[in-house]
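Colleague: what follows is a protein structure lacking sequence information:
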């Protein structure tokens, strides 16, 4: 068996790992979009590193665009196999891939205007809306804990990764020289998530492909996050009469924030300020999450039973889909909370809100998740005093606050606890992906101390035979 690492190798986006079995079966684990990598991003996304026509099966860990976002291009380039995912992941992909196609079309329009001014030829989008619609017939859903035979002596099952709705670890069994077992973690969630179940136990693996986004960091405790959020709301919206702008991923992060604010409002602590969810994708994603109560943990289920309570709606919460309504928020002087995508502040409506709020010291930009260093969110997080937005420089006068407790990714201690459910001394090799150099180095040492015999950090395009 060979594994070729075609994305999220040395980076945190673009997850794509191609397994070729001795019988010639080609299995792709995730098909993600590279994001936030500056001028390199588009060329990276135009070259898979393999021929899509040869892929027999794509097994998708979850719906985040850095794991699913190149599926329409895969189909456009000739893929004719099956795409396997959980039912919730499929429902989310229908929304997120359509939204991604819209962004591709919009972005290429802007890029081509600039290319025309420089006398360069126009580029085609990575894919368009028609390509996206053509990919959905290839999807096949599979519930957690149910094994599926792929032929050629290969079977797999999903176990709950607890990262976002429908997220899964992929457990592969490959009957080559005896049974080889491989665990692909996808992205690992945190135990004690406010909405989702904690990551689930998995079968003992011989090999592991493991994410390491926070391989060198520990998060703030989840406990106390609501109190900290309330502090920021009171300081910004009450004391300073300013706007609180929160870039948040449409999937999971936005719903966690709504639920936290709902609990504060339910307890009588939230001041009477308007809260705007300004993202059509976030609005639709929230509807999908409300459909999949089967993925919730016991805590939120109990909360919902209190007076038939809806955890995703409260007084003063407003969902915005209309573009003109979104623009009006930028001109309003009223204190408010605006939660908008994207989470890294690299695209979407939140970028406009930050542009309009960044020059006023009464406003706050609250970062609640991982941002790549080159993204606008990443540059704000490290304290840059001047940032470029839509080609113009802006002085950062608004407060910038970071809350790592809302991360959907496990930190290194939580990943070790998750992997420790198996006997790590029996694992022959761990491949670390979806991270950065400092995280790889630190987490690799941690795994060695836990008894893992061999740890490798693949480079993009590198192939391993096992």
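Modeller: Yep, it's here. The structure displayed is predicted, hence computed values, not measured ones.
Colleague: can you give me the helices in the protein?
Modeller: 41-46, 65-68, 71-76, 87-117, 129-135, 225-233, 253-266, 280-291, 298-305, 323-331, 349-357, 376-381, 412-419, 437-449 (DSSP state H).
Colleague: need those helices in CSV (columns: distance to residue 165, mean pLDDT and mean neighbour count).
Modeller: From N, CA and C alone the C-beta is placed, and that goes for glycine too. Below are the helices of the chain laid out as CSV (distance: least, C-beta to C-beta, whole Å; pLDDT from 0 to 100; neighbours: other C-beta atoms under 10 Å):
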stretch, distance to residue 165, mean pLDDT, mean neighbour count
helix 41-46, 25, 92, 16
helix 65-68, 13, 96, 25
helix 71-76, 18, 98, 25
helix 87-117, 5, 89, 18
helix 129-135, 20, 97, 17
helix 225-233, 19, 95, 17
helix 253-266, 8, 94, 21
helix 280-291, 5, 93, 20
helix 298-305, 12, 92, 13
helix 323-331, 25, 93, 13
helix 349-357, 21, 94, 21
helix 376-381, 22, 94, 22
helix 412-419, 18, 97, 20
helix 437-449, 25, 96, 17
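Colleague: could you point out which of the ones you listed sits nearest residue 392?
Modeller: helix 349-357 (8.1 Å; C-beta to C-beta).
Colleague: relative to residue 29, which of the helices of the chain is closest?
Modeller: Closest approach to residue 29 among those is made by helix 65-68 (9.2 Å; C-beta to C-beta).
Colleague: contacts for the closest one, please.
Modeller: 8, 12-15, 30-35, 60-62, 89, 93, 96-97, 100, 186-187 (C-beta atoms under 8 Å, 6 or more residues apart in numbering).
Colleague: and what of stretch 301-309?
Modeller: 263, 266, 293, 310-311.
Colleague: between which two of those residues is the distance greatest?
Modeller: Using C-beta to C-beta, those span at most 18.7 Å, a distance reached by 266 and 293.
Colleague: from the contacts of stretch 301-309, pick the one nearest residue 239.
Modeller: residue 263 (21.9 Å).
Colleague: on that earlier part again, distance to residue 160 added to the helices of the chain, as JSON lines?
Modeller: As requested, these are exported to JSON lines (distance: least, C-beta to C-beta, whole Å):
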{"stretch": "helix 41-46", "distance to residue 160": "29"}
{"stretch": "helix 65-68", "distance to residue 160": "16"}
{"stretch": "helix 71-76", "distance to residue 160": "22"}
{"stretch": "helix 87-117", "distance to residue 160": "10"}
{"stretch": "helix 129-135", "distance to residue 160": "25"}
{"stretch": "helix 225-233", "distance to residue 160": "22"}
{"stretch": "helix 253-266", "distance to residue 160": "17"}
{"stretch": "helix 280-291", "distance to residue 160": "15"}
{"stretch": "helix 298-305", "distance to residue 160": "14"}
{"stretch": "helix 323-331", "distance to residue 160": "35"}
{"stretch": "helix 349-357", "distance to residue 160": "29"}
{"stretch": "helix 376-381", "distance to residue 160": "28"}
{"stretch": "helix 412-419", "distance to residue 160": "11"}
{"stretch": "helix 437-449", "distance to residue 160": "22"}
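Colleague: which residue lies nearest the spatial centre of this structure?
Modeller: In the chain, the residue lying closest to the centroid (C-alpha atoms, centre = their mean) is residue 64, at 4.2 Å.
Colleague: tell me the contacts of that one?
Modeller: 32, 96, 164, 187, 249, 251.
Colleague: which one of those sits closest to residue 81?
Modeller: Within the contacts of residue 64, the smallest distance to residue 81 is 17.0 Å, found for residue 32 (C-beta to C-beta).
Colleague: quick one: that closest one from residue 310, how far?
Modeller: Applying C-beta to C-beta, to the nearest Å, the value for residue 32 to residue 310 is 33 Å.
Colleague: look at the two and report which has more neighbours.
Modeller: residue 32 (25 against 10; other C-beta atoms under 10 Å).
Colleague: what sits against the more buried one?
Modeller: Shown in contact with residue 32 (C-beta under 8 Å, 6+ apart): 7-8, 13-16, 64-70.
Colleague: can you give me the neighbour number for the residue nearest to residue 38 when sequence neighbours are not counted?
Modeller: Ranked by C-beta to C-beta, 6 or more residues apart in numbering and with sequence neighbours excluded, the top spatial neighbour of residue 38 is residue 374, at 5.4 Å. As a burial measure, residue 374 scores 16 neighbours (other C-beta under 10 Å).
Colleague: need the contact list for residue 374.
Modeller: Neighbouring residues of residue 374 by C-beta under 8 Å, 6+ apart: 36-38.
Colleague: want to throw these into JSON lines with neighbour count, distance to residue 244 and pLDDT?
Modeller: Shown next, in JSON lines, are the contacts of residue 374 (neighbours: other C-beta atoms under 10 Å; distance: C-beta to C-beta, whole Å; pLDDT from 0 to 100):
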{"residue": "36", "neighbour count": "22", "distance to residue 244": "23", "pLDDT": "73"}
{"residue": "37", "neighbour count": "18", "distance to residue 244": "29", "pLDDT": "79"}
{"residue": "38", "neighbour count": "9", "distance to residue 244": "29", "pLDDT": "75"}
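Colleague: specify which member of these is nearest to residue 328.
Modeller: Top of the list for closeness to residue 328, among the contacts of residue 374 and by C-beta to C-beta, is residue 36 at 28.8 Å.
Colleague: who's in contact with the nearest residue to residue 260 once chain neighbours are set aside?
Modeller: In this structure, residue 260 finds its nearest non-sequential neighbour in residue 226, 5.1 Å apart by C-beta to C-beta, 6+ apart. Residue 226 is in contact with 260, 263-264, counting by C-beta under 8 Å, 6+ apart.
Colleague: quick one: which of those residues is nearest residue 342?
Modeller: Nearest member of the contacts of residue 226 to residue 342, counting by C-beta to C-beta, is residue 260, at 19.8 Å.
Colleague: correct me if wrong: that closest one contacts residue 227.
Modeller: No: in terms of C-beta atoms under 8 Å, residue 260 does not count as a neighbour of residue 227; the distance is 10.1 Å.
Colleague: list residues touching both of those two?
Modeller: Joint contacts of residue 260 and residue 227 (C-beta under 8 Å, 6+ apart) do not exist.
Colleague: okay, strands next: where are they in the stretch 151-300 of the chain?
Modeller: 154-160, 168-175, 179-184, 207-211, 243-247, 274-278 (DSSP state E, counting those that start in this stretch).
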